[in-house]
Structures are given as structure tokens and as C-alpha cells.
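Trainee: What follows is a protein structure lacking sequence information:
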């Protein structure tokens, strides 16, 4: 861990701010403190996570919650829909889901992972990777990629579209559907819709495999750079099933340390509060979760693709497992912690999700009509946890006797990754910015590292056109020395 | 009222006294008792067999809409004062489902007059189409406010003169909050069914009165008095009030002014009863006749956006590295 | 020619005593409405069914059909008026369709689509209103109440319980509940009551069944509200 969170004598340093770092709902910024020689002394990622949902969901009926909270996000709303519904399955008193209901939920989730990962890689991050971190800003976006690599861009768009169509078939709409309800699902999948998806899925598996190949090729151009860019050695956490394979929808929590050693395994996610602790810091609204037993200093961890492919023992599908082995080989048997390795892991997961979806589409249960579980007595409290595309997502609710929500706590993937993201950008700042004249291209290095963690952060910077980015340089007295404008 | 009862064959009458006039209840009751004692109420009135009629005072909780006949009968029945759906009219289905005559005290008083002196005598006063006299309740900026009785056809100017209104009256609101706002160039107009018809309210606004504030006050009045039964009046009067508040705070534009006009027309066409139909009148008249009182409060002639469009283009200029004339709006929006 | 009037210049037959709305429904002609349902006493408060009868605005749910009447229903002016009414109802309460379980089955929302309501137009009032979830089987979300009084009428005239009434006036008008505490859970209300089934919006909802109907299968996913103009059972003429 680099000691760049808080500078010793901040008042004597110059402050550089990247604002906004385009991000999820709200504003984010990076502040950097430099001395006379442009040496970096402090780097912070400030995020104002929009947490109003926890408050305004209070007093609402529990069956409304999944549909309401999915509005947290427009990229992976299915994650919130699923996590909240899983909690409400328990609260409403339902027993185990019917096979058809669970498989439809999984299919929905895998569809979402395909679309979210495709969106993140092709639309948002590939411009940096394919065109160069310091390439011409005006072309550093998906349109630029489409011009330079038309076939690839098309595959990316079509892969994402497939994922969205899966969501539409199961949830009724591509974004913010309602197919999932406490106790099961509200609609059987028609044979016709299943056949439509089945006829397209082979191509998606193939393209996903090619996408992994593309990342591998990029990696091979400069293995050392890819391996170490934004490197932050972190503990890793994710859900795994009984075999030790990653489970996007369910399973037990497993954490490993930066060297791959066990921290905890197969823990019931409902007990997350005994495992994890959320700290607050005075310079950001976002909480800092860490593994309680290890303390705040050593207990912070990473979630999402890079964590998941490394906390598991195996991937449950053949093509993805083969790719995982190649990935592990790049680290010579040691866990990888470079920010850019996220992309490689993410594409392996996209392949995994496509293969898993294919398996479900071949399963006769998927068009079954037994949709709702049996119902027992109402319960007061439950935790719903899933692996969202960006990492572990916790939804925790208490519901009163009158069926209204009394308490809600959400730990979203981005929050889980808070410290890790901070550490990665500190590593980038130290390595690329320290001692140099600040340029737009250098600042984009920081955003490249952030983007690797969280597609919501990168979506605005790589929107068509360009988000305004302004860096102000102040002297020790706070007077403006220079202003750098992106664009 | 007893005469009216005799004519239509009714034996029971109510005086609906709204809560604001509670102080009249006791003297009124004394008068009724006196009449009963002297055989002018009760059974066989004045010794006429079968002429039975009695009067009871009913106290209402107040509410402007209870001046509307059907709402008054609802209130009389002990329900909230909300106008009924018509038809059927009161004369076929009224109080407790029975045929009912609902009239003002003034009308009933005229009945007595006609009964005593005859219709021809009554018709001698007033104009050809508005016979008789009218009580005018003068209030506002004048030396002698009060209730005046005039023959129909009296000019507004005459009334102003009689009550000692100042020379430079800004406007007169005739017919109460639902009525019309009359400006000095119209003071030769007459109180009559063929010109300005009114139940009698006559509100004078002197030279120092700001007609915008008058209209704003009326807007609050209607939002307060709407019974809430129908959508256009319940919500429309609240919107009207809120727009007037926005203009009062100096955040209005011609957009709001035009919205007020649309709203007045909308309420007039869709409301359930006279209250909603006329709830936009005062504001609309003020707008038509005292436009400057509104305009000096407006922030922009056409529309005042929450943001400056010219300033909003700045990021786009910065990104595209442009600062030429075409990259700016001609006029600050 | 006897017992016939016209709607938008088309001849429509009627039974004496029928309202314009009833006759129109019987003839398969759509006139919008929120506070009207054939089984209940006429109300006339929502004003959605406002039509022109011989050039004068009238509520079609209360105005009796008569020989030779010329009724205008589907005109740009009347439809614009209806859009304003729907907008007013939207801004008066808190109608968050995205998270509302009545979406797709809500008459107010359906009328918003029918009359091309692309914005609220008026400034939202965002009133502070509570949810009453004290009843074990039914919940009332007052945020969504449009004061149509269908529940008032159903409870009074069909269930004979008089659970509901509207109190207050103007914007303060609100649905109140006849129980010692004013809470639904302390009233004689039952989920089988007719009043539990009549809410045209999402104000009175049966608990724990929200979102059970899939997108695509909800009433107004299948066809717009104006397609409901199938013949209805005529109420007894009073």
C-alpha cells in the first residue's frame, strides 16, 4: 500500500483536481497534491455515491422494493432487481425456488453480465486500449474504434445486444423490467423466445472467445506494462459454489489474500455484517468496507472480475476454464493485481456467462411453467447477495409486520472496490505523473485505471463527444497557476 | 318566505345562516318567535285555514361555495357543501329529495313587496328588462361603505359618487370574487341584467391599490374556497395561486402570464360549478385590463429559462476549441 | 330516428334514461372516464368525460342522452382539455409510474398515453402523504389517490360498510377512513369488499401480489384504454 492517502504537509503543496471524473449517478473527482518538483504526495478518488435509495425505500411495501431499487442504475439494474428479490424471497416466506424460476433468474443474470461486460470493454475501455492512452481525444471513443476496427466494434455492439435481448425475454424490458418477483418469476419463457436466443448464442460464445483473444493479444504487446499498470496488491472476495467455482447468482462468500492464501470460505452472505465493516473518511462520502478480522489497514479488498477469476478454483465451463488457465499463467502462479488485468478477467467472464447461458437454453427446465415457490411464514429480515458484473452486491432489509420496509442497507460493488481503486490511481500517479509536466494524456492514465474497475465511472468520459475535463493548478496560496482543459 | 311557501305549497322553510353571521342568529330567532306569536308563522297563518308555514334557522359552517343553491342544500342536509350534479334541478329534486325553492333573502323580500303593492308597481322601477331595485353592498376605498338600494340601471359612477369614493378610483370589482373587474372608462356602465349583472357585491379599489395584488388575493381566495370535488377547480385554483406567487416573487415570464389565461379558460369550460367556472375571472380581468401591473414583475418577456443557454454552450465551445461568432447565440437566452 | 343522437356526427341509439356515456359505451364508442364505473352511482368529479352537447361542455357520465343531441367527443380541443386534466391529476399527487405496481393496469397512466401526455406541464406539487399498510391484506398509498370516490361509493352502496369518505376541501381534500384510529387496519374493511377492487389507480392495492403480471400481459400492454369501448352491462336506470 502506497502511503499517498494523506500528505504530511498539504498546505505547502499544489493541488491538481480532475473534475469531474465522469461516473455513476453524481460527481466524482480525483485530487492530486504535488510539490515544487511535481512529485506526487497525495491522491484521492472522491465519489459521492447516490445513497438516497436506502432512505426513500423506507416505508415502502417490500414487494415494490426490487422494482424500485433497480433504478439505482441503468447499466446493471438486473443486479439490484435480483439482489433485492433474493432478500424478499426470504422475507415473504418463500421456500426454495422452483428449478425453472432459478434457471430463468440465472439466465437473466448471465444475459446481463454479457451485456454489461461487452458495454464496458468495447464501448468504454477499448478506445484507450486499442487507440492508445494518449491518442487524439476527439477520436478516443467508440466511434473512433468503429472507424479503426469496424468488425470488432460491430461484434461488441452485437454481443451487448444479445445480452439485452436475453434480459428482455425474461424481464419484459431491456432496462428496468419486472420479470423477477418474490418467490419466483412472473412469466414462463416461451419456446419461441428460447429458440430465438438459442440460435444466437453460439455466435456470442464465439465472439466472446475472440474478445478474450483480443485482450490476450493486447497483453502480449507489452506484458510487463499490462501486468503492473495501476497495480494494487489486494485481498480478493467473491461468491463461490460448493465446488469452488464462481457463482454469479448465489453461493458462499470466499476471500483470499493478495498471495492467494485463504481468509474465509463458504461463509453465508447473510452474516456479512460480522465479516465486513464499513468505515467513513472525512474527505469522501463513500464508505470504505474492509474485512473486520484484518482491520482497516490490511482488510480492504477487491471485488469484480479480477477478484472472481482468482478466488475460484475452477470455472464451470470448458472454454472459459481454458482461458482462466492461460490467465493464471501470466502471473507465474501468483495472483495478478494490475488494474488492466480486469479487462482480461472480464472477457473471460463474458465467455463464461455466454457458455452458462447456452447451457441453460439447452435445459428443458428453462421453458417450464412451475414458476412460484411454496410460501411459509413471513420473516422480518434478510440479506440478498449476488455477484453483479462489477462485483459483490449486498442488499439488506428489515420489514415490519405491516409489510413496509423499516431498514435498508446496500453495499454496492463500487463501494467494495473503493480502497482498491484509490490504491490503483495512486500507483498510476506515482509512476506516470510524479516529477512530470501534467498533460491531458497523463491524466487519462488515471482515468484508465478507474475505468478498469467500474464501467459507470468511465461511461461519461467516453460518451459520444466528450465530457469537459478541467484541471486547475493552484499555488500554495491557492492562486490559480494554470488551467488545463481537455478537448 | 311564508308567501313563497304559500304559492308553491310548502310548509317548511330554512334560513341558511353561514357561520360568519352567527351574531345574527339570536335577533333573527327573536323575530321568528315574534312572528310566530303574532300568527304570521305556524298553522293557519293569519287565520287562513291550511296556510301552514314555519321557519327554522340552519347554521352553516361557512364556505363560499355554499352560496351555490345545490351546495347549500347539501350543507342543509348535513353533508359537505358540494354542488350537485344537475339535472335534476332543485325544483324537482332538492332538500331530502323533495322539490325545493332556493332563493336569496333579497328575492323573497321583493316577493312581499310585489304581494303588497302588485307587480305593476314593482315593474315601474328599474329598466325595461331589469325591473325593480337592487341592493348593492359597497365596500373598499370609500367614505361611506354600506348597503345601498338602487333602481336597476344605476351607473357605477353614480354609486361611486354616493358612497364618497375618491376621484381616481383604480377599479371596481362587481359581483364579488367571481364577478367582473371594471375600470374607470367603464364607469358609465349600468347595474342591470342587460349590462353588469350582480348579486350586489361592489368592491372599490382606490388610487394606491396594486391590481396585481388584488388578483393574487383572489387567486388565494379561490384555492382556499374550492370544495375539491372536481379536478379542474381543485387543482386548477391551486396552480393559479402558485403561478401568481411565482410572478410575485419576480420569477415569472410571459409564459406564466399566458398559462394563467389558458388556465382561466380551462377552468371556465370544465369545472363542475360556478365557483370553478369563474375562479379565473378576477385574474384574467386583471391581466387584460392591468397588464403593466403584471409586466413590471416579469423577469423576461417571453420565457425565463432556469439556465443561461449562452453559458450552457461554453463547455461545447471549449471541447471543440471554438470561439467564433457562430459558436455563440445572437441574443442572451 | 327516435331515441337517437349523434356522437361526432355518427348516429348513436339510446334507451331513455341513459346517460351519454352509457349510450356511447353500449354503441362501442369510447369516451374517457376515471370516476365512472357502470355499477356505481354517478359522480362526475374527474371531468375526463367532458364532451360538447350542442356546443356546451357537459360531463357525459351525468348528462342524459336526448333525441337529436349533437355530441362532440373526439376533437383536438376536447382532447387537449383531457390531457390538461390528466396532467393536473399527475402533479397533484405523487405518481411514480416506474416503481408502481399498477403500471400497465392504471387508468390514469393509460389516459396519459391516450392523450399524449409527454410532460407534466404544470409544476409538481409533491404533497407529503402517508401510506396506510395497517390492514393485513390491503394497502392504501394516498400518494396515488385521485379522489374519484369509487371506493367511497363501493363501500357505501355495495359493501354497505361506509369505510371511506372524502374530507377537507380544495387541495386538502383527502380520503379518510371510518375507524376509531382512522387507520384501515382498525376498520371493518375486508379484502373481499368490492371497494378493494375498484381503485382505477394504484391507491388501494391488494398486498403481496404486486408485479405478478408480466410486462406484455398487463391490460394496457395489450391494447390502449380507448379499446375498452366494448359493450358494458347497463346499470339500472334510476
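Mentor: Cool, got the structure. Only a predicted model underlies this, so the values are computations on that prediction, with no experimental measurement involved.

Trainee: quick one, what contacts residue A:108?
Mentor: With contact set as CB atoms under 8 Å, 6 or more residues apart in numbering or on different chains, residue A:108 has these partners: A:78, A:82, A:166, A:167, A:170, A:171, A:179, A:180. The way it works is simple: take the backbone N, C-alpha and C, and place the C-beta from them, glycine included.

Trainee: An error on my part: the question was meant for residue A:421.
Mentor: Residues counted as contacts of residue A:421 (CB under 8 Å, 6+ apart) are A:45, A:449, A:450, A:453, A:454.

Trainee: quick one on the thing from earlier: nearest to residue A:335, of the contacts of residue A:108?
Mentor: For the contacts of residue A:108, the residue nearest residue A:335 by CB to CB is residue A:82; the value is 28.0 Å.

Trainee: Excluding covalently adjacent residues, which one is nearest to the closest one?
Mentor: Taking CB to CB, 6 or more residues apart in numbering or on different chains, and ignoring the residues beside it in sequence, residue A:82 has residue A:386 as its nearest neighbour in space, at 5.2 Å.

Trainee: go on, residue B:112?
Mentor: Leaving aside its sequence neighbours, residue B:112 sits nearest to residue B:3 (CB to CB, 6+ apart; 6.3 Å).

Trainee: Distance of the one you found relative to residue B:270?
Mentor: The gap separating residue B:3 from residue B:270 is 39 Å, by CB to CB, to the nearest Å.

Trainee: And these two? Which one has more around it.
Mentor: residue B:270 (25 against 16; other CB atoms under 10 Å in any protein chain shown).

Trainee: what's the burial count for the closest residue to that one other than its chain neighbours?
Mentor: Counting by CB to CB, 6+ apart, residue B:270 lies nearest to residue B:232, which is 4.2 Å off, once chain neighbours are set aside. Other residues lying near residue B:232 total 28 when counted by other CB under 10 Å.

Trainee: In a helix, residue B:232, correct?
Mentor: Yes - counting by DSSP: H, G, I helix; E, B strand; the rest coil, one finds residue B:232 located in a helix.

Trainee: Hmm, residue B:276 and it touching each other?
Mentor: Yes - assessed by CB atoms under 8 Å, residue B:232 is found in contact with residue B:276 at 5.9 Å.

Trainee: Find the residues that touch each one of the two.
Mentor: B:267, B:270.

Trainee: rewinding a little: which secondary structure element is home to the residue nearest to residue A:82?
Mentor: Under DSSP states H and E, the secondary-structure element containing residue A:386 is strand A:381-388.

Trainee: C-terminal to that strand, what's the next element?
Mentor: Read in the C-terminal direction, the helix or strand following strand A:381-388 is strand A:391-399, with elements assigned using DSSP H and E.

Trainee: What strands flank that next one, and is each parallel or antiparallel?
Mentor: Here strand A:391-399 has these sheet partners by DSSP bridges: strand A:381-388 (antiparallel), strand A:405-411 (antiparallel).

Trainee: okay if I get these as TSV plus mean pLDDT and mean neighbour count?
Mentor: Converted to TSV, those look like this (pLDDT from 0 to 100; neighbours: other CB atoms under 10 Å in any protein chain shown):
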stretch	mean pLDDT	mean neighbour count
strand A:381-388	97	23
strand A:405-411	90	18
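
Trainee: With respect to residue C:195, which of those lies nearest?
Mentor: Closest among these, once you apply CB to CB, is strand A:405-411, at 26.2 Å.

Trainee: what does chain A put close to chain C?
Mentor: Residues of chain A lying close to chain C by CB under 8 Å from any CB of the partner chain are A:59-61, A:63-64, A:67-68, A:71, A:92, A:171-173, A:176-179, A:181-182, A:186-187, A:402-404.

Trainee: Contacting chain B as well, which ones from the residues you listed?
Mentor: Applying CB under 8 Å from any CB to the residues of chain A next to chain C, none is adjacent to chain B.

Trainee: Okay, now the unreliable bits of the chain?
Mentor: I went with chain A, as the question did not name one. A:1-2, A:19-28, A:47-52, A:282-285, A:454-487 (pLDDT under 70).

Trainee: was after chain C, sorry
Mentor: Those would be C:1, C:229-238, if you go by pLDDT under 70 across chain C.

Trainee: who in it is up against chain A?
Mentor: Residues of chain C lying close to chain A (CB under 8 Å from any CB) are C:98-101, C:131, C:133-134, C:139, C:185, C:207-217.

Trainee: where's the nearest residue to residue A:251 once chain neighbours are set aside relative to residue A:97, distance?
Mentor: Closest residue in space to residue A:251, ignoring its immediate chain neighbours: residue A:239 at 4.0 Å, by CB to CB, 6+ apart. To residue A:97, residue A:239 is 17 Å away according to CB to CB.

Trainee: ok, these two, which is more surrounded?
Mentor: Relative neighbour count places residue A:239 above the other of residue A:239 and residue A:97, with 25 against 21, counting by other CB under 10 Å.

Trainee: Can you show me the helices along the stretch 151-300 of chain A?
Mentor: Residue ranges of the helices in the stretch 151-300 of chain A, as given by DSSP state H, counting those that start in this stretch, are A:191-221, A:223-228, A:272-275, A:295-299.

Trainee: which one of these lies closest to residue C:147?
Mentor: Smallest distance to residue C:147 across the helices of the stretch 151-300 of chain A (CB to CB): 41.8 Å, for helix A:191-221.

Trainee: what comes up buried for stretch B:72-87?
Mentor: Of all the residues in stretch B:72-87, those buried under the rule 16 or more other CB atoms under 10 Å in any protein chain shown are B:72, B:73, B:74, B:75, B:76, B:80, B:81, B:82, B:83, B:84, B:85.

Trainee: same check, this time on stretch B:23-39
Mentor: Residues of stretch B:23-39 classed as buried by neighbour count (16+ other CB under 10 Å): B:32, B:35.

Trainee: Quick check, central residue of the chain?
Mentor: Picked chain A for this. In chain A, the C-alpha nearest the mean C-alpha coordinate belongs to residue A:390, at 1.3 Å (CA atoms, centre = their mean).

Trainee: Wait, chain B was what I had in mind.
Mentor: Relative to the centre of chain B - CA atoms, centre = their mean - the closest residue is residue B:178, sitting 2.8 Å away.

Trainee: what's the neighbour count on the closest residue to that residue other than its chain neighbours?
Mentor: If you skip the residues right next to it in sequence, residue B:178 has residue B:278 as its closest partner in space, 3.6 Å away by CB to CB, 6+ apart. When neighbours are counted by other CB under 10 Å, residue B:278 registers 21.

Trainee: coming back round to it: tell me the bridge partners for the residue nearest to residue A:251.
Mentor: Beta-bridge partners of residue A:239, counted by DSSP bridges, are residue A:253.
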